[in-house]
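A.B. asks: 3D model of this:
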Amino acid sequence: MNNQAVLKGGLAILGIVSLVFVAGCGGGTSQSLNNQPPPPTPTITTISPNTTVAGGAAFTLTITGTNFVATSVVNFGGTARSTTFVSSTQLTAAIPAAAIASAGTPAVTVTNSASGGGTSNGVNFTITSGTNPVPTINMLAPSSAAVGGPAFTLVVDGSNFVSSTVVRWNGSDRPTAFVNSGEIHAQISSSDIAVAGTAAVTVVNPAPGGGTSNAVNFSITKGTNPSSVAVAPDPTGKFGKFAYVANYGSNSVSMYSIDPVTGALAFIGTVAAGSSPVSVAVDHSGQFAYVANNDSHDISMYTINATTGILTPIGKIPVEGRATSVTVHPSSKFAYVGEGYTLPNGTPDRVSTYTINASTGALTLVGTIATGSPATSLAVKIAIDPSENFAYAAGDGCALDTYPGYVSVYTINSTTGALTPIGSPLPAGWCSSSVTVDPFGKFAYVADQGGPDVAMYTINANTGALTPIGSIAAGIGPSSVAVDPTGKFAYVTDYYDGVFGHDILMYTIDATTGALTHIGTIAAGTGPSSMAVDPTGKFAYVTNFGSNNVSMYSINAATGALTLIGTVGT
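C.D. replies: Okay, here's the model as predicted:
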């Protein structure tokens, strides 16, 4: 009985062992011991790059395809290369210089090395026996920049550029992006244009072959085509501390300190403006500066460092038409911008009013008002009388040569700065380029570039209305009138009428009638475009549009005669 039980148990155990043995040995060979399928066979779709020049440098080859795994290996010319797994569709491989020493078409394959993975299709890599050409530069864009300007992208046009071409700035490599064989882009930092002068730009193609291109000069200028000058007073308002010049051609503002004894200007740098700056104005506290940018249709705003005079940009405010001038109210509470040619739908000239934030200097638009003339002028210039009650806008009417020049009169709301027109615009020659009010608000003067003369007016102290009292000849093309702080002397810049002028015309002012009397002429640079007199009345400064400099003068307090101190570049 017991023996039978033992026997049955033994058979049962033997049966179990037998079953286990069969299970361990009877399976097929299509699965691994851990029941996982083998790696799939990889395929290659593309390789990048797919060609190089014999004798070139080591590089990284990117392989795109399918079925890549972590253990995939790239073979280049039949030799396994150091491989990095990126994803199931991308690998990279390090190809040494020795692998491309000679011309040929080595095959690129991928092997999934685990059991059953297999090797991909082959894709040929071309190694040419040619060499890199010598590059040539045809043109730089831009070809110049204002000293102290911001970083920018330099476009180099030429020929024979390759993917490894590098732009050099005064012999030093700059980050370069290849566009095509005729165009590359380089990143130029602000430090590269921190000092005025000339930078040599070259392009280098690496070996094999290759070489350095011709050199093309890039100009770093202090400023070109100075169009307007303004003097910033010291906090007391008694003397000029700094001067600022808007440079139409280089889209910048040049900054200067003023020697209080000699009146000489010392250049302290430039700051970027908008496109084609034509007018610069400073508030009467000497804290803020504003620049009208003609082509970019905006006003640049700056704070003034009271110690150094350096301008710090605080933003821009858009203008619908062309910003042709900017003027600050004597209270420093308001600013006015003349808008001319290219207003939408042929809208005639107008003036925009802004409030000035006393803390930040930021401008806020109050509104716009038409000048009352049908003209679309190239320039609309504005003057404010010293009583702070009246504004005057002169338009040249020259844009389409359809309407004559004019001067419009407005009253000023002392709370909002808003303008209200007084009557209709007065005719003022054929190309009225500016209007100026004397320091006592008794007389106004309009430069008529087409005259060429200066129209003279008396001002009604109660209403602001103008009464014409005649005109006086003024060179070949007067552009601006400046009056000294005593109201005794006036100066006119003889700018342009087909050719540039070169003179400043000097006049005395009759204290009773306002009539001008010519007392002489003094040479300036080429195309004197704007003039400013410092608060002491001892010095005057003239921008010379054509010769890219500023003429500095002392003023004889008794006669008003100017004496040249010297010139300074912009």
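
A.B. asks: domain parsing for this protein?
C.D. replies: As assigned by automatic domain parsing, the chain contains the domains 43-128, 136-221, 227-318.

A.B. asks: return the most buried member of those domains.
C.D. replies: Mean neighbour count, computed with mean count of other C-beta atoms under 10 Å, is highest for domain 227-318 among these, reaching a mean of 21. (C-beta placed from N, C-alpha, C; glycine too.)

A.B. asks: out of the domains of the chain, which gets nearest to Met456?
C.D. replies: Of all these, it is domain 227-318 that lies closest to Met456, at 23.2 Å by C-beta to C-beta.

A.B. asks: mind checking the end-to-end distance for that closest one?
C.D. replies: Taking C-alpha to C-alpha, to the nearest Å, the first and last residues of domain 227-318 lie 21 Å apart.

A.B. asks: same thing with stretch 316-333?
C.D. replies: Termini of stretch 316-333 sit 18 Å apart (C-alpha to C-alpha).

A.B. asks: buried sites along it?
C.D. replies: Within stretch 316-333, the residues that qualify as buried are 316-317, 319, 321-329, 332-333, counting by 16 or more other C-beta atoms under 10 Å.

A.B. asks: circling back: dump the domains of the chain into a markdown table; add distance to Gly395 as well.
C.D. replies: A markdown table is the format used below for the domains of the chain (distance: least, C-beta to C-beta, whole Å):
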| stretch | distance to Gly395 |
| --- | --- |
| domain 43-128 | 62 |
| domain 136-221 | 30 |
| domain 227-318 | 14 |
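
A.B. asks: can you add mean pLDDT and give those domains back as CSV?
C.D. replies: Shown next, in CSV, are the domains of the chain (pLDDT from 0 to 100):
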stretch, mean pLDDT
domain 43-128, 91
domain 136-221, 90
domain 227-318, 94
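
A.B. asks: out of those domains, the one nearest Gly470 is which?
C.D. replies: Using C-beta to C-beta, the nearest of these to Gly470 is domain 227-318, at 27.9 Å.

A.B. asks: just tell me which of the domains of the chain ends up closest to Thr508.
C.D. replies: Among these, the nearest to Thr508 by C-beta to C-beta is domain 227-318 (21.3 Å).

A.B. asks: for Gly475, which of the domains of the chain is the nearest?
C.D. replies: domain 227-318 (17.9 Å).

A.B. asks: ok, Ser190 touching Pro150?
C.D. replies: Yes: with contact defined as C-beta atoms under 8 Å, Ser190 and Pro150 form a contacting pair (5.5 Å).

A.B. asks: what about the buried residues of stretch 316-333, which are in helices?
C.D. replies: Using DSSP state H, no member of the buried residues of stretch 316-333 sits in helices.

A.B. asks: mind picking the lowest-pLDDT entry from those?
C.D. replies: Taken together, the buried residues of stretch 316-333 show their lowest pLDDT at Gly321, with 85.

A.B. asks: that residue reaches Pro348, doesn't it?
C.D. replies: No: using C-beta under 8 Å, Gly321 is not in contact with Pro348; the gap is 9.8 Å.

A.B. asks: can I get the buried residues of stretch 316-333 in JSON lines with distance to Tyr290?
C.D. replies: Formatted as JSON lines, the buried residues of stretch 316-333 follow (distance: C-beta to C-beta, whole Å):
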{"residue": "Lys316", "distance to Tyr290": "10"}
{"residue": "Ile317", "distance to Tyr290": "9"}
{"residue": "Val319", "distance to Tyr290": "12"}
{"residue": "Gly321", "distance to Tyr290": "17"}
{"residue": "Arg322", "distance to Tyr290": "16"}
{"residue": "Ala323", "distance to Tyr290": "10"}
{"residue": "Thr324", "distance to Tyr290": "13"}
{"residue": "Ser325", "distance to Tyr290": "10"}
{"residue": "Val326", "distance to Tyr290": "5"}
{"residue": "Thr327", "distance to Tyr290": "9"}
{"residue": "Val328", "distance to Tyr290": "7"}
{"residue": "His329", "distance to Tyr290": "12"}
{"residue": "Ser332", "distance to Tyr290": "11"}
{"residue": "Lys333", "distance to Tyr290": "14"}
